[in-house]
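Student: Structure here, sequence nowhere to be found:
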Ligand SMILES: Nc1ncnc2c1ncn2[C@@H]1O[C@H](COP(=O)(O)OP(=O)(O)OP(=O)(O)O)[C@@H](O)[C@H]1O
Ligand SMILES: [Mg+2]
């Protein structure tokens with residue numbers, strides 16, 4: 001079984017590398033930085049592991065027999081590989097994080113497997129008469145993991161102690177100075193990996209998850225990932241819950257972090273993909289100022305540097321980006337980057353569903369969707385659609401949502417939703433979250449319900465790493481700067497903590513008590529019956545150019561009510577929806593499609609007039625559908641709608 005992730009399985013890295021030559025005592029003798037080098041794993045003529053480094057004019061191959069990997073910052077695309085035999089270390093940066101994880105995983109595991117088999121002796125090599133050779137290494141297999149695991153399990157824990165000279169190198173990974181501890185940690189890691197792979201019988205796995213949890217992209221999602229990696233300017237769409245944001249996270253993991261900016265039209269959506277808001281990236285304020293002023297704002301050194309270093313711009317929830325703003329961004333990009341190409345040559349990766357929330361407009365303002373802009377026409381080469389819904393499984397509920405999405409509400413659908421109003425969807429003391437159309441209603445409900453509870457308030461203050469970015473953190477981070485709780489408070493988890501145990505973003509619970517620690521952290525009972533003490537966790541937001549801002553807070557929010565706008569992108573366990581004051585097209589669809597099932601949904605004042613889809617958007621989608629049918633004419637398994645525009649392709 002091959003572990004792959006689209007075309008990510010090839011363990012070749014292209015990234016920045018600082019090469020350090022070391023003295024026998026480990027001091028750095030010489031250091032050379034290369035902005036872009038290719039590192040390839042392979043085997044020599046004796047089937048032994050080699051790492052090839054390709055420079056512009058030459059190649060160097062290193063036999064790998066001993067290895068030290070520092071991978072603390074692997075998620076940021078950084079790691080160090082030390083080859084003690086060769087007295088050299090490679091400090092990698094700006095690597096696509098998922099590729100880097102896979103590369104390191106392959107390197108370590110293949111070496112472990114090789115150690116099991118034993119190396120060919122120098123003498124045999126000398127007399128073999130074989131020609132020098134280098135074959136690219138085969139992708140990591142389940143068998144490799146099992147063999148590596150078995151080898152570790154068979155090793156006596158004191159093995160590395162024998163190597164007194166270099167215990168860290170012998171242990172293969174450096175995290176602690178105690179070799180026995182390292183062995184134990186590594187064994188646990190490999191055992192978990194092997195067990196996970198066995199358990200899930202996966203044949204597609206996200207590389208980063210090799211170290212954590214198994215992930216599999218659907219064929220449609222893989223097609224999109226591949227189009228992105230081919231450098232296409234792409235818009236991918238699909239109904240709520242088709243895994244658009246989920247896929248975006250994989251896309252982010254496959255691109256070089258220093259040149260990739262992950263943004264979304266709103267702070268909540270940006271948080272789902274660990275990015276920043278489009279406005280904050282662009283640096284043109286609200287974008288309402290005249291173009292010349294916007295260009296001036298974006299030309300400030302810090303902002304201009306972001307625009308210049310950006311090679312891949314990701315925008316989630318594109319439906320809420322105003323068409324005029326998109327046009328302005330396109331011009332700003334060209335001016336700041338001093339390039340005539342659309343968006344100054346930046347690859348665009350846009351994602352969203354135009355049948356969900358539209359751009360915010362003032363009364364009387366003409367609404368212009370992004371797809372109506374000139375910038376869209378000249379930059380988007382490929383449109384793809386995801387159709388496999390992952391949030392809901394019940395076919396009946398999926399059909400209802402599909403009709404609502406298109407603004408249709410036949411009698412049967414109306415009836416099914418009205419019937420939900422009599423339900424009591426309280427489970428395990430957890431009440432349904434109320435989704436409201438207006439923010440004032442949300443605040444009123446949460447404040448008054450908290451007040452109604454007897455008992456003391458406990459306040460938990462967030463710790464932000466940078467006061468200057470406090471406001472940005474308030475926008476981006478779902479956890480509040482100050483979290484006030486009381487016994488019995490209804491809360492919602494706002495971070496994935498443990499997917500296997502159902503502790504996921506959107507999981508609903510109730511405060512049951514506080515633990516005995518000095519901080520008295522809250523004990524939460526969740527809908528699924530799990531009870532957990534919740535301690536502060538970190539949110540790390542990439543604000544571009546490899547920079548991050550961090551908030552540490554307990555991952556909870558009050559959850560008697562949240563606004564529909566804030567709920568966009570969420571998956572919720574049990575929801576109560578009030579649609580009486582719906583004011584936007586797509587708003588009812590967004591609210592209803594947050595629910596995982598009809599059983600977990602209660603609509604209190606359903607009226608078919610609240611179900612509305614924008615005719616311009618419907619027209620846009622029907623044209624896409626027509627185009628798709630014409631292009632593929634019965635070819636299934638193909639989710640690309642537009643063929644790329646050849647004039648755009650030629651520029652890459
Ligand atoms: N390939 C997959 N394997 C397993 N789960 C998936 C996969 N793709 C998506 N999911 C799950 O499906 C749910 C919906 O995904 P996601 O939020 O990315 O959808 P979306 O298309 O962005 O929805 P929305 O339009 O509402 O923002 C999430 O719980 C996500 O973890
Ligand atoms: Mg989403």
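Tutor: Yep, it's here. From a predicted model like this one, the values you see are computed outputs, not experimental measurements. Ligands and ions are numbered 1, 2, ... in the order given.
Student: what sits against residue 523?
Tutor: Contact analysis of residue 523 by Cβ atoms under 8 Å, 6 or more residues apart in numbering lists 511, 512, 513, 514, 515, 531, 532, 533, 534. For glycine as for every other residue, the C-beta is placed from the backbone atoms N, C-alpha and C.
Student: Okay, and the beta partners of it?
Tutor: residue 513, residue 533 (DSSP bridges).
Student: Next one: it relative to residue 30, how far apart?
Tutor: Distance, residue 523 to residue 30, using Cβ to Cβ, to the nearest Å: 56 Å.
Student: The nearest residue to residue 258 once chain neighbours are set aside: how many residues sit nearby?
Tutor: Leaving aside its chain neighbours, residue 258 sits nearest to residue 94 (4.3 Å; criterion: Cβ to Cβ, 6 or more residues apart in numbering). When neighbours are defined as other Cβ atoms under 10 Å, residue 94 has 20 of them.
Student: swap in residue 142?
Tutor: 18.
Student: For burial, what's the neighbour tally of whatever residue of the chain ends up closest to ligand 1?
Tutor: Ligand 1 sits closest to residue 243 of the chain, with a gap of 2.7 Å, by Cβ to the nearest ligand atom. Counted with other Cβ under 10 Å, residues neighbouring residue 243 total 20.
Student: Quick one: name the residues of this protein near ligand 2.
Tutor: Within the chain, the positions near ligand 2 by Cβ under 5 Å from the ion are 244, 245, 569.
Student: quick one: which of the residues you listed is nearest residue 562?
Tutor: Within these, proximity to residue 562 (Cβ to Cβ) peaks at residue 569, which comes in at 11.9 Å.
Student: and that closest one, what element?
Tutor: According to DSSP states H and E, residue 569 maps onto no helix or strand at all.
Student: so what's the backbone phi/psi at the residue in the chain positioned nearest to ligand 2?
Tutor: Of all residues in the chain, residue 245 sits closest to ligand 2, at 3.2 Å by Cβ to the ion. When read as degrees, to the nearest 10, the backbone of residue 245 gives phi -70, psi -40.
Student: Spit out the contact partners of it.
Tutor: Per Cβ under 8 Å, 6+ apart, neighbours of residue 245: 269, 272, 273, 316, 351, 569.
Student: of these, buried ones?
Tutor: 269, 272, 273, 316, 351, 569 (16 or more other Cβ atoms under 10 Å).
Student: Enumerate every residue touching the closest residue in space to the first one that isn't next to it in sequence.
Tutor: The shortest distance from residue 269 to any residue other than its chain neighbours is 4.1 Å, reached at residue 317 (Cβ to Cβ, 6+ apart). For residue 317, the contact set (Cβ under 8 Å, 6+ apart) comprises 264, 265, 266, 269, 351, 352, 356, 357, 568, 569.
Student: From those, which land in strands?
Tutor: Within the contacts of residue 317, residues falling in strands by DSSP state E are 264, 351.
Student: Longest strand in this structure, please.
Tutor: Max-length strand for the chain by DSSP E is strand 28-43.
Student: Now do the following helix or strand past it: everything it contacts.
Tutor: Per DSSP H and E, strand 28-43 leads on to strand 49-54 as the next helix or strand towards the C-terminus. Applying Cβ under 8 Å, 6+ apart, the contact partners of strand 49-54 are 17, 19, 37-44, 59-65, 81, 83, 90, 107, 110-111, 114, 134, 137.
Student: Go through the helix or strand just after strand 49-54 and flag the buried ones.
Tutor: Sequence-wise, the next helix or strand downstream of strand 49-54 (DSSP H and E) is strand 59-63. Residues residue 62 are the ones in strand 59-63 that count as buried (16+ other Cβ under 10 Å).
Student: Could you tell me the angle between strand 59-63 and strand 28-43?
Tutor: Calculated by axes from the mean of the first three to the mean of the last three Cα atoms, to 10 degrees, strand 59-63 forms an angle of 80 degrees with strand 28-43.
Student: circling back: need the contacts of residue 523 in CSV with pLDDT and neighbour count, can you?
Tutor: As requested, the contacts of residue 523 are exported to CSV (pLDDT from 0 to 100; neighbours: other Cβ atoms under 10 Å):
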residue, pLDDT, neighbour count
511, 96, 22
512, 94, 16
513, 95, 13
514, 96, 15
515, 95, 13
531, 94, 12
532, 95, 19
533, 97, 15
534, 97, 23
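Student: I'd like to know which of these is nearest to residue 344.
Tutor: residue 534 (44.1 Å).
Student: quick one: the residue of the chain closest to ligand 1 and residue 222 touch, right?
Tutor: No: taking Cβ atoms under 8 Å as the definition, residue 243 is not a contact partner of residue 222, at 11.3 Å.
Student: Which members of the buried ones among the contacts of residue 245 additionally contact ligand 1?
Tutor: Contacts with ligand 1 within the buried ones among the contacts of residue 245, as defined by Cβ under 6 Å from any ligand atom: residue 569.
Student: Sticking with residue 108, tell me its helix or strand.
Tutor: Per DSSP H and E: residue 108 is located in helix 97-117.
Student: quick check: mean pLDDT across the helix or strand that that helix is followed by?
Tutor: With elements assigned by DSSP H and E, the helix or strand that comes after helix 97-117 is helix 122-128. Mean per-residue pLDDT for helix 122-128: 80.
Student: and if you look at stretch 420-434?
Tutor: 81.
Student: Run through the chain and note the low-pLDDT ranges.
Tutor: Applying pLDDT under 70 to the chain picks out residues 1-10, 152-215, 499-500, 544-546, 632-652.
Student: Can you tell me which residue is spatially central in it?
Tutor: Nearest residue to the geometric centre of the chain (Cα atoms, centre = their mean): residue 249, 2.2 Å.
Student: three-state assignment of that residue?
Tutor: helix (DSSP: H, G, I helix; E, B strand; the rest coil).
Student: returning to what we had before: among the contacts of strand 49-54, which are within reach of ligand 1?
Tutor: Of the contacts of strand 49-54, not one also sits near ligand 1 (Cβ under 6 Å from any ligand atom).
Student: State the helix or strand in which residue 529 lies.
Tutor: Counting by DSSP H and E, residue 529 is part of no helix or strand.
Student: just checking, it touches residue 427?
Tutor: No: using Cβ under 8 Å, residue 529 is not in contact with residue 427; the gap is 9.1 Å.
Student: buried sites along the longest strand of the chain?
Tutor: 37, 39, 40, 41, 42, 43.
Student: quick one, that strand and strand 49-54 angle?
Tutor: 110 degrees.
Student: Which neighbours in the sheet does strand 28-43 have, and how are they oriented?
Tutor: strand 12-22 (antiparallel), strand 49-54 (antiparallel), strand 135-136 (antiparallel).
Student: Would you reformat those as TSV and include mean neighbour count?
Tutor: Formatted as TSV, those follow (neighbours: other Cβ atoms under 10 Å):
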stretch	mean neighbour count
strand 12-22	18
strand 49-54	18
strand 135-136	12
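Student: Now that we have those, can you turn them into a markdown table and tack on distance to residue 377?
Tutor: Output for the strands paired with strand 28-43, formatted as a markdown table (distance: least, Cβ to Cβ, whole Å):
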| stretch | distance to residue 377 |
| --- | --- |
| strand 12-22 | 32 |
| strand 49-54 | 40 |
| strand 135-136 | 41 |
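Student: Sketch out the strands for the stretch 501-650 of the chain, chain order is fine.
Tutor: Using DSSP state E, counting those that start in this stretch, the strands of the stretch 501-650 of the chain run over residues 508-514, 522-526, 531-533, 537-544, 547-553, 556-558, 561-563, 575-577, 601-603.
Student: what about those strands, which gets the closest to residue 502?
Tutor: It is, among the strands of the stretch 501-650 of the chain and with distance given as Cβ to Cβ, strand 522-526, at 6.7 Å.
Student: Next, the angle from that closest one to strand 508-514.
Tutor: 140 degrees.
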